[in-house]
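> Let's see this in three dimensions:
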Amino acid sequence: MPRPKSPNNLLHWSAKLDVHGIAWLFIQLRDKSVNVLTHAAVGELALLVDWLEENDSINGVALLSGKPGGFVYGADINEFETLKTAEDVADHMEMVHGLFNRIAGLDVPSCARADPGINPFLELGAREG
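Got it, this is the predicted structure:
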């Protein structure tokens with residue numbers, strides 16, 4: 001069965017699958033000096049998570065920054081005003097956390113590369129057995 005191709009034409013993420021089946025996901029927001037989770041970046045991450053779940057040839061997932069320094073500095077505070085109610089905030093947080101939970105729930109090891117001065121790798125999930 002042919003494996004699904006990684007999503008193309010993403011503005012803030014890129015993905016490649018190496019010969020060992022490791023999916024390398026790079027975040028690099030073009031319009032920000034650091035990587036933050038904008039609504040657009042989260043939407044693209046959702047596409048990538050769908051791709052990861054559909055692709056049975058993946059043996060591991062690495063999330064990295066395409067910029068020097070930290071991986072992701074958190075939510076984009078400039079977009080907070082788009083969330084009008086407490087329910088909007090809760091729904092958005094649940095959706096974002098759900099994406100990372102889906103990555104952690106994959107049956108392959110996953111990690112996110114952080115600033116080496118802080119903590120070089122954060123394990124999101126690991127295959128049992």
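
> Run through the strands of the chain in chain order.
Here the chain has its strands, by DSSP state E, at 13-17, 22-27, 60-65, 110-113, 121-125.

> Indicate each strand paired with the shortest one and its parallel or antiparallel sense.
In other words, strand 110-113. strand 60-65 (parallel), strand 121-125 (antiparallel) (DSSP bridges).

> mean confidence score for that strand?
Averaged over strand 110-113, pLDDT sits at 84.

> ok so, going back, just put the strands of the chain in CSV and tack on distance to N35 and mean neighbour count.
Every residue, glycine included, has its C-beta placed from N, CA and C. Converted to CSV, those look like this (distance: least, C-beta to C-beta, whole Å; neighbours: other C-beta atoms under 10 Å):
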stretch, distance to N35, mean neighbour count
strand 13-17, 10, 18
strand 22-27, 5, 20
strand 60-65, 6, 20
strand 110-113, 11, 20
strand 121-125, 15, 14
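
> so which of the ones you listed comes closest to V89?
V89 lies closest, by C-beta to C-beta, to one member of those: strand 22-27, at 22.4 Å.

> And the closest one, what does it pack against?
strand 13-17, helix 39-54, strand 60-65 (3 or more C-beta pairs under 8 Å, 6 or more residues apart in numbering; DSSP states H and E).

> which stretches of this protein aren't confidently modelled?
The chain contains residues with pLDDT under 70 at 1-6, 114-129.

> how about a cut-off of 50?
Applying pLDDT under 50 to the chain flags residues 1, 117-129.

> For the closest residue to R102 other than its chain neighbours, give me its contacts.
In space, and not counting its chain neighbours, R102 is closest to V49: 5.1 Å by C-beta to C-beta, 6 or more residues apart in numbering. V49 sits next to L99, R102, I103 when contact means C-beta atoms under 8 Å, 6 or more residues apart in numbering.

> Likewise for D76?
With C-beta under 8 Å, 6+ apart, D76 has these contacts: K32, V36, L37, T38, H39.

> So which of those wins on neighbours?
Within the contacts of D76, L37 tops the neighbour count with 20 neighbours, counted by other C-beta atoms under 10 Å.

> Touching, that residue and V72? I think so.
Yes: at 5.9 Å, L37 and V72 qualify as touching, with contact defined as C-beta atoms under 8 Å.
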